[in-house]
Every structure is written in structure tokens, then in C-alpha cells.
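**Q** test case, fold it:
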Amino acid sequence: MCFYRVIQVAFLLSTAELVTSSGATIYNEAISGDLSNSGLSPTPISVALGSNQIFGTTGRGATAIDRDYFSITVPSGLALTAITVLPGTTSGGPISFIGVEAGGQVTVSTAATDATGLLGWWHYGPADINTNILPEMAIPAMNSSGFPPPLAAGNYAFWVQDFNPGPFNYGFDLTVGAVPEPATNAMVMTGLGIIAVLRRRCIRRE
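**A** The predicted structure is shown next:
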């Protein structure tokens, strides 16, 4: 029942704002090489209006965790409206992680015990495939600041990792769109908030 409530709200929300996407791959570690392992020097990736797909691998190796860091600049007049988990994403359990920090670096230590300094984060997994996780990331948790989605124009740095023995594949589609009109934005944000709350309740019950 909980699952169907989430689907119903998502369907109603999708009819309010349709987004077209070309599914453009902007970075693929299998082709372009490993993303940076340093939050202070993340790999810069250019994003544009529409779909911006990023593919990589992470996981715990024999001697270290393969952490991936990348940064983007959302162009003026646009916004990051969604981060969708793509098919093929795998994880070793409930401790796969994506976080975002404002600016061009991730300054949060890998030894940190909470999310202070991050705008938001989420433990992603196969259950999130084809789901926009931006609303979940936006909710303050473990001392992250939280934010009202979408993310406005500006610089952002991302941190992706899986603590489990890997490797594990991941794919994220960063959708960049026009800044919604105030009325539309309020309606969409309300719907996304409802979805986020329902999903968290579903997770707690499972």
C-alpha cells in the first residue's frame, strides 16, 4: 500500500511538469578514466540543459575505498532539478553514499562522524533506480544543512562511495532545467516533499 501511494503521488506530479531528456552521457569512467579520489580536487564535469548522465564505479578495494569526486557548474538562469538513479546501479548494502556540497570542493573529511558541511546526501541503491533522489538529499540529516530543491545556478561538488567490498557500478542523471515559475515551483516542491516523506516511511517499515 505504501509503495502505491508513492507511485500515485509521483504520477500526479509528473503530469504537472514534463521534462524532456536526450539521455546525454557526459562522463563514463570506463571511457574517460577514473574520477578524482580527492574532494579538494574533484573532476570538473560540464553540464548543460537537459539530461547529463554520469557513470562510474566505487567500492572498497584491498587497501582503500575507491571514492569518486566531481564538480559541476549549473549555468545562470537554470537549476539542477533532479538526480535520477540510472539502471545498472548496484550497491553492496545500505551504505552506498552520494553527497553534495556547495562550491567547487568537498571539504568534509572522510573520517567525519556526521554530515556537517554538506548540503545533503542519500544512501542510494537498486531500489532507487529510475527515482529522483534530490528530494531525499534535500532533507537535513546528520547535521547536513538541507536545501529547498531545485539547486539554483552555481558551483557544486559531489562525493560518491560504497563502503562495501566492491566494485559496484553507479549511474546518475543530473537533470538541468529552467527555473520553475513560483506557483509551479511551490506545487512541484510540495509533491516532491510528500514523495520524500512517504519513501522514508516505507523504508522504515521494510
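**Q** quick one: pLDDT of Gly117?
**A** Residue-level confidence at Gly117 comes out at 98, pLDDT.
**Q** hmm, it is touching Val100, no?
**A** No: under the criterion of Cβ atoms under 8 Å, Gly117 makes no contact with Val100, lying 10.8 Å away. Where you see a C-beta, it was placed from the backbone N, CA and C, and this is true even at glycine.
**Q** the more surrounded of those two?
**A** Val100 (24 against 16; other Cβ atoms under 10 Å).
**Q** just how off-centre is the helix or strand harbouring the more buried one within its chain?
**A** Here Val100 sits within strand 96-102, counting by DSSP states H and E. Relative to its chain's centre, strand 96-102 lies at 7 Å (Cα atoms, centre = their mean, to the nearest Å).
**Q** with stretch 82-101 instead?
**A** Its chain's C-alpha centre and that of stretch 82-101 lie 7 Å apart, by Cα atoms, centre = their mean.
**Q** ditto for stretch 143-157
**A** 11 Å.
**Q** just the C-alpha atoms of that stretch, please, in CSV.
**A** This file holds the C-alpha atoms of stretch 143-157, laid out as CSV (Å, rounded to 0.1, in the frame of the first residue of the first chain):
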residue,chain,number,x,y,z
ASN,A,143,23.8,17.8,10.5
SER,A,144,23.6,18.4,6.8
SER,A,145,22.2,21.9,6.1
GLY,A,146,19.5,20.8,3.7
PHE,A,147,18.2,22.9,0.9
PRO,A,148,15.0,23.7,-1.0
PRO,A,149,15.2,21.9,-4.3
PRO,A,150,15.9,22.5,-7.1
LEU,A,151,19.5,23.6,-6.7
ALA,A,152,20.0,27.0,-8.1
ALA,A,153,22.7,28.2,-10.5
GLY,A,154,26.2,27.9,-9.0
ASN,A,155,29.0,25.5,-8.3
TYR,A,156,28.5,22.1,-6.6
ALA,A,157,30.8,19.3,-5.7
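**Q** surely Gly99 meets Phe158?
**A** Yes: counting by Cβ under 8 Å, Gly99 sits close enough to Phe158 to count as a contact (7.0 Å).
**Q** need the overlap of contacts for those two.
**A** Shared contacts of Gly99 and Phe158 (Cβ atoms under 8 Å, 6 or more residues apart in numbering): Val106.
**Q** which residues touch stretch 111-131?
**A** Outside stretch 111-131, the residues touching it (Cβ under 8 Å, 6+ apart) are 84-87, 89-91, 94-102, 107-108, 133, 136-147, 151, 156, 170.
**Q** now go through those and say which are in strands.
**A** With DSSP state E as the criterion, strands contain Thr84, Val85, Ser96, Phe97, Ile98, Gly99, Val100, Glu101, Ala102, Leu151, Tyr156, Tyr170 from among the contacts of stretch 111-131.
**Q** contacting residues for the residue nearest in space to the middle of the chain?
**A** Among the residues of the chain, the one closest to the centroid is Ile83, at 4.4 Å (Cα atoms, centre = their mean). Counting by Cβ under 8 Å, 6+ apart, Ile83 touches Ile98, Asn132, Ile133, Leu134, Met137, Phe172, Asp173, Leu174, Thr175.
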